[in-house]
Structure formats: structure tokens, C-alpha cells
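Participant: Got a predicted structure here, sequence first:
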Amino acid sequence: MTDAPTRRKIRPEAVWAEARKAWEGGETARSVAKRYDVGVPALWKRREAEGWKRPNPVYGPVEPAEGWAMFAQNKVDAFEARLGEERDLARALAAGLVGKRPEDVPLWHLPFVLHWRAEHLGAEVAADDRERNARQDWAGAIWDAEGRMGSVAAMTWAMVRLNRATWRAQHGLPEGAAEAWPQTDVSVSAASG
């Protein structure tokens, strides 16, 4: 017994026009094929032959759980907090630029500020900074025994290792979570780099 030949489904152009509109509108090929009673392979052939294109998907904004007004307020609050922090740092840097002693510099920016002062304001200012800060618990992260500074990155990570708990708290890592972070086994000496 032989199998009967498969009959091709021939659909009018109006059906294909509707199928194209549905597919280009974002409907899946399987769904379009089923709805218009056309085969998926035939749909793909038509798509290729006629150059069907879907527009870039445009997903409207999804309303946050707290609502748009609270979302906007939270963004404004975060923006103002970030501006305040950046301005505090800018003030400290500006004070360093005009030769004043940097005070109230955020902990993580001390390596940059002190390195910049040493590089741009000279050895006398660098020696004064070292002498003035020699008793600080973080001084070993900035200067080695001979008074040499390392790279900004090396000093920053030495500062992070020294103040690991503070870094974790500021970045929202509770006790017991991701205990290896920040990684403290990186051995970068303050005088390297």
C-alpha cells in the first residue's frame, strides 16, 4: 500500500497578507500558522522570500511596585545623595589643589587625594601629609616604612582590606553573605606599582 501524496495547501494572497501582518505584529510563527492554516515551513519561506520584518520590540515602561510617584521621589533622593557625596569629594580635592590640607575626604578617596597631592604639590607637601597622618590607623595602607606610596589602586585595596567591615556595610553585604568579598587575599604592597 502506498501513501497518498500530500496535498499542498494553497492559500489566497489575502490570507498571506493577514498572516504577514500578524507575524510582523509580534505573534509567533506557530500561532500564525495555526490561525491561518498555513504550515510553519511555508510561513518561513514566505517571510524570507518577501522580506518580512518585525519592528524593534517596544515595551512600554513597566510601572514599579511602589508606583511612579514614589519611584521618582526615590530617584530624586538618590540623585541628591550622590550629588552631596560628589560635592564633598570635590571640596576636599579643591582644598588639596590650593595647598590646604585635605580634611573630610571620604575614606575610599584618601589614596587618590594623597597620591595626587604628592605628585602635583611636591615632596614638601607629601612629607607634611605623611608626618601629619603617621598615627592614623590607615597610614600603613598609604606609605611603607621608607615613606613611599604605592599606586592608587594598590593603596585603595589596602585601605579596603584594612576597613573590610566598613566596606561590606556600605555595599550592603550582611554578615555571613559572600564572606570572601571583598577579596582580602590579594597581596599588593603599599609601595608597589
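Facilitator: Nice, thanks for sending it over. Residues are numbered from 1 along each chain as shown.
Participant: what stretches of the protein score poorly on pLDDT?
Facilitator: For the chain, the stretches with pLDDT under 70 are 1-6, 57-60, 96-100, 184-193.
Participant: Please enumerate the helices of it.
Facilitator: With DSSP state H as the criterion, the chain has helices at 13-24, 29-36, 40-50, 68-97, 110-121, 123-133, 139-142, 152-162, 164-170.
Participant: Need phi/psi at the spatially most central residue of the chain.
Facilitator: Closest residue to the average C-alpha location of the chain: His171 at 13.5 Å, with CA atoms, centre = their mean. Reported as degrees, to the nearest 10, the phi and psi values for His171 are phi -100, psi 10.
Participant: any idea how far Ala165 is from it?
Facilitator: Counting by CB to CB, to the nearest Å, the separation of His171 from Ala165 is 11 Å. Glycine gets a C-beta too; all of them are placed from N, C-alpha and C.
Participant: re earlier: can you put the helices of the chain in JSON lines and add mean neighbour count and distance to Asn56?
Facilitator: Shown next, in JSON lines, are the helices of the chain (neighbours: other CB atoms under 10 Å; distance: least, CB to CB, whole Å):
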{"stretch": "helix 13-24", "mean neighbour count": "15", "distance to Asn56": "12"}
{"stretch": "helix 29-36", "mean neighbour count": "15", "distance to Asn56": "18"}
{"stretch": "helix 40-50", "mean neighbour count": "13", "distance to Asn56": "17"}
{"stretch": "helix 68-97", "mean neighbour count": "12", "distance to Asn56": "24"}
{"stretch": "helix 110-121", "mean neighbour count": "18", "distance to Asn56": "42"}
{"stretch": "helix 123-133", "mean neighbour count": "14", "distance to Asn56": "54"}
{"stretch": "helix 139-142", "mean neighbour count": "19", "distance to Asn56": "49"}
{"stretch": "helix 152-162", "mean neighbour count": "19", "distance to Asn56": "40"}
{"stretch": "helix 164-170", "mean neighbour count": "14", "distance to Asn56": "39"}
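Participant: Any idea which of those helices gets closest to Ala177?
Facilitator: Among these, the nearest to Ala177 by CB to CB is helix 164-170 (8.8 Å).
Participant: Can you dump the C-alpha atoms of that closest one in PDB for me?
Facilitator: This file holds the C-alpha atoms of helix 164-170, laid out as PDB (Å, rounded to 0.1, in the frame of the first residue of the first chain):
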ATOM      1  CA  ARG A 164      36.800  45.400  55.300                       C
ATOM      2  CA  ALA A 165      33.700  45.500  57.600                       C
ATOM      3  CA  THR A 166      33.000  49.200  56.700                       C
ATOM      4  CA  TRP A 167      33.300  48.400  53.000                       C
ATOM      5  CA  ARG A 168      30.900  45.500  53.300                       C
ATOM      6  CA  ALA A 169      28.400  47.500  55.300                       C
ATOM      7  CA  GLN A 170      28.500  50.400  52.800                       C
END
